[in-house]
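*Asks:* Below: sequence and its predicted model.
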Amino acid sequence: MIEPDDNPSALRCAELERELQRLQRINSVLMDRVERMGDVQGGSASVLEAALALDTKVRERTRALEESNRALQAAKDSADAANRAKSDFLANMSHEIRTPMNGVIGLVDLVLRSELTEEQRSHLRKVKTSADALLVVINEILDFSKIEAGKMDLERIPFDAPMLVEEAVELLAGSAAAKGLVLKCAIERMAVGAAVGDPTRLRQVLLNLIGNAIKFTTVGSVCVRCRVESGVRGSLRLQFAVEDTGIGMNPEVRARLFRAFEQADGSTTRRFGGTGLGLAISQRLVGLMGGVIDVRSEPGTGSCFSFAIECALAAEGSAPTNAVAEDAGSPRTGIRVLLVEDNQINQDVARAVLAKLACTCVVAGNGRQALAAVVADRFDVVLMDCHMPEMDGYQATRQIRAMEQERRLTTVPIIACSASAMQDDRDHCAAAGMSDFLSKPYTVAALAAVLARWVGARPDGHGESGDAAVLRSSFATGLDEVALREFAAGVGDPAFTGGLMRSLAGKFRQQVPLRLSEMRTAAADGDDATLRRLAHTLKGNAAMFGGLALQDLCASIEAGGSQLRDLAAVLADCEVVAGMMLTDLAGRFGL
């Protein structure tokens, strides 16, 4: 029995099968009647002939239907095979493209942290911008492929919706400021707990909608609205809207807006780039969350994209998990890393990045060498490539885990470092026994974050706490020059001569003491939600101005809240680091 699904071929096969069954039932009833009539009328020849003729027609129709059924089934099988081939092709191409991209992005990230002339730094920023744009295209095609194949699985973890909106606005504040736009958010909070859902995918939708609004607005503002209200049976209803004063759209453009690979301006001379997949992906992601994106727009009057979703209410006491993975902190110095990688360029990049993070690195060119290295020595963490000659990362991991179990050794964290980014790849890594997954290409910050998750504290338990240790990271200075210049470039003042950075730095200097005072008050009052929110806000602002040490400390407060070990000491460190940072800013901008 063919089960109907969304495939048209399968639906047609099911219809034909039902028609065949109906005709067979009719034929059975007629033949039964003929037999009874033959008994009553002494076997009337005319009735028998008519019945036989009908039976012949039914059999012919049955054969025709069976042949059509087989043809449609073959067409369905062919379409399914084509879809599988498309998914496999995209997965393979993603791996082949991401591997060299890891070298490009990693090396650019490293060079940007070195001494450069302004011209060299400007050129490298453009290379990094182009590489990041290419990575966005790769990720969008992969996301669309996963949705098409029905392999897009959503997480179900607690998160704070208003904080997520604030985070998305902070991430795009520089892009809006560079165009002279006002980017603001209006959040209506209610006394409800955290929602349960997929904050990463919801953030992706919001970033796409906000980014589009900024892209298609030349004058005016972009406003992001969020309303959190109680739903039915203990659920939450989350309402979002992104309004802009941009170019707007006519009904014809709105009708094709959510089609894949479509753009509002599809001509070859269009002013606005992109794959045309962002809105299609966003609409489908919102659909997976149980909502629909609605759009109101008129040419010249701007647009408003809105959607609402229902989420479960998190259990009381569940901590929201909004933070992006790269906010995890910094690894302790001096850790021993076994790098398992067959690509020479990727080896060089990883070595240099690990050196920046003050890690000791030993390289193995394949899984067999990795296994030998782990047997002969002990490492704090293993960075394992998945696809290598002689023995791949999956086999090596399984054998390492078996050896650890046999010898009753402590399990070493094995981090998969792979250019294969499909969910199946992550599942395969987890099934092999790997501890975490780092997608190539990765940045210095991404690698530092994943190392901090697994080897962030001192092994002997002495000295400073793991929470306070983030202050001692490799980049824990008053200001990080690279981050500051990247922010300045983003807002259109890369040479610090336009006055915009001076104005922004001045506002930041006024806000920091107030935020720190509010955080101390919230900590003294045991107001966990306010403390986390203030730490989150200060963390984002500090990161923009290159205050990476202050960012790390605020991230630890955001994660631990009022229950953070040594909270008073961490708040004191915040004030010390903030003072260093503000002094540097004052000297740079003459404040």
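*Replies:* Received, thanks. Numbers count the residues shown, from 1 in each chain.
*Asks:* From now on I want contacts and neighbour counts done on CA atoms only, so please keep to that.
*Replies:* Noted.
*Asks:* could you say which helix or strand contains the residue sitting nearest the centre point of the chain?
*Replies:* Using CA atoms, centre = their mean, the residue of the chain that lies closest to the mean C-alpha position is residue 200, 5.2 Å off. Secondary-structure element containing residue 200, defined by DSSP states H and E: helix 199-215.
*Asks:* looking just at contacts, which helices and strands does that helix meet?
*Replies:* helix 161-178, strand 221-230, strand 235-244, helix 278-288 (3 or more CA pairs under 8 Å, 6 or more residues apart in numbering; DSSP states H and E).
*Asks:* With mean neighbour count and distance to residue 352 added, can I get the ones you listed in CSV?
*Replies:* CSV is the format used below for these (neighbours: other CA atoms under 10 Å; distance: least, CA to CA, whole Å):
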stretch, mean neighbour count, distance to residue 352
helix 161-178, 20, 28
strand 221-230, 20, 40
strand 235-244, 21, 42
helix 278-288, 20, 34
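*Asks:* Relative to residue 29, tell me which of these wins on proximity.
*Replies:* Go through the helices and strands packed on helix 199-215 one by one with CA to CA and the one that ends up closest to residue 29 is helix 278-288, at 47.3 Å.
*Asks:* quick one: average confidence on that closest one?
*Replies:* The average pLDDT for helix 278-288 rounds to 87.
*Asks:* got the contact list for it?
*Replies:* The list of residues contacting helix 278-288 from outside it, by CA atoms under 8 Å, 6 or more residues apart in numbering, reads 140, 143-144, 147, 154, 201-202, 204-205, 208-209, 257-260, 292-293, 307, 309.
*Asks:* among those residues, which ones are buried?
*Replies:* Listed as buried from the contacts of helix 278-288 are 140, 143-144, 147, 201-202, 204-205, 208-209, 257-258, 292-293, 307, 309; burial here means 16 or more other CA atoms under 10 Å.
*Asks:* between those, which is nearest residue 315?
*Replies:* Using CA to CA, residue 309 comes nearest to residue 315 of the buried ones among the contacts of helix 278-288, at 18.7 Å.
*Asks:* ok, so what distance separates residue 308 from residue 226?
*Replies:* 10 Å (CA to CA, to the nearest Å).
*Asks:* what's the overlap in contacts for the two?
*Replies:* The contact sets of residue 308 and residue 226 overlap at 238-240 (CA under 8 Å, 6+ apart).
*Asks:* Pick the one among the residues you listed closest to residue 356.
*Replies:* residue 240 (41.0 Å).
*Asks:* Not counting sequence-adjacent ones, nearest residue to the closest one?
*Replies:* residue 226 (4.6 Å; CA to CA, 6 or more residues apart in numbering).
*Asks:* Tell me, how many residues neighbour residue 589?
*Replies:* Residues contacting residue 589 under the criterion other CA atoms under 10 Å number 15.
*Asks:* Then residue 29?
*Replies:* 11.
*Asks:* for residue 158, same thing?
*Replies:* Other residues close to residue 158 by other CA under 10 Å number 23.
*Asks:* Now it: which helix or strand?
*Replies:* In this structure, residue 158 sits in strand 157-159 according to DSSP H and E.
*Asks:* what's the answer for residue 60, then?
*Replies:* Counting by DSSP H and E, residue 60 is found in helix 45-112.
*Asks:* tell me the average confidence for that helix?
*Replies:* The average pLDDT within helix 45-112 is 73.
*Asks:* residues of the helix or strand following that helix that come out buried?
*Replies:* Beyond helix 45-112 on the C-terminal side, the first helix or strand identified by DSSP H and E is helix 118-148. Neighbour counts over helix 118-148 (16+ other CA under 10 Å) mark 121-122, 124-125, 128, 131, 135, 137-138, 140-147 as buried.
*Asks:* distance between helix 118-148 and the chain's centre?
*Replies:* Relative to the mean C-alpha coordinate of its chain, helix 118-148 is positioned 14 Å out (CA atoms, centre = their mean, to the nearest Å).
*Asks:* just for the stretch 201-350 of the chain, where's the confidence low?
*Replies:* 231-234, 260-276, 316-333 (pLDDT under 70).
*Asks:* same check, this time on the stretch 401-550 of the chain
*Replies:* Where the stretch 401-550 of the chain drops to pLDDT under 70, the residues are 419-424, 456-482, 486, 489-495, 497-498.
*Asks:* ranges for the helices of it?
*Replies:* Per DSSP state H, counting those that start in this stretch, the stretch 401-550 of the chain carries helices over the ranges 423-432, 444-455, 466-469, 481-490, 500-525, 528-544, 548-560.
*Asks:* With respect to residue 438, which of the ones you listed lies nearest?
*Replies:* If we rank the helices of the stretch 401-550 of the chain by CA to CA, the stretch that ends up nearest is helix 444-455, at 7.5 Å.
*Asks:* Using PDB, write down the CA coordinates of the closest one.
*Replies:* Extracted in PDB, the C-alpha atoms of helix 444-455 (Å, rounded to 0.1, in the frame of the first residue of the first chain):
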ATOM      1  CA  VAL A 444      40.000  32.600  16.700                       C
ATOM      2  CA  ALA A 445      37.000  33.500  19.000                       C
ATOM      3  CA  ALA A 446      35.100  30.400  18.000                       C
ATOM      4  CA  LEU A 447      38.000  28.100  18.700                       C
ATOM      5  CA  ALA A 448      38.800  29.900  22.000                       C
ATOM      6  CA  ALA A 449      35.100  29.500  23.000                       C
ATOM      7  CA  VAL A 450      35.000  25.700  22.400                       C
ATOM      8  CA  LEU A 451      38.300  25.200  24.200                       C
ATOM      9  CA  ALA A 452      37.000  27.200  27.100                       C
ATOM     10  CA  ARG A 453      33.900  25.000  27.400                       C
ATOM     11  CA  TRP A 454      36.100  21.900  27.900                       C
ATOM     12  CA  VAL A 455      39.400  23.100  29.400                       C
END
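*Asks:* In it, which residues are buried?
*Replies:* Under 16+ other CA under 10 Å, the buried positions of helix 444-455 are 444-452, 454-455.
*Asks:* Quick one: those residues as JSON lines, columns for distance to residue 338 too.
*Replies:* What follows is these, written out as JSON lines (distance: CA to CA, whole Å):
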{"residue": "444", "distance to residue 338": "17"}
{"residue": "445", "distance to residue 338": "19"}
{"residue": "446", "distance to residue 338": "17"}
{"residue": "447", "distance to residue 338": "14"}
{"residue": "448", "distance to residue 338": "15"}
{"residue": "449", "distance to residue 338": "17"}
{"residue": "450", "distance to residue 338": "14"}
{"residue": "451", "distance to residue 338": "12"}
{"residue": "452", "distance to residue 338": "16"}
{"residue": "454", "distance to residue 338": "14"}
{"residue": "455", "distance to residue 338": "13"}
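*Asks:* tell me which of those is nearest to residue 545?
*Replies:* For the buried residues of helix 444-455, the closest approach to residue 545 (CA to CA) belongs to residue 445, at 15.8 Å.
*Asks:* Tell me how far the closest one lies from residue 391.
*Replies:* Distance, residue 445 to residue 391, by CA to CA: 29 Å.
*Asks:* Equivalent analysis for residue 210, please.
*Replies:* Taking CA to CA as the criterion, residue 210 is separated from residue 391 by 45 Å.
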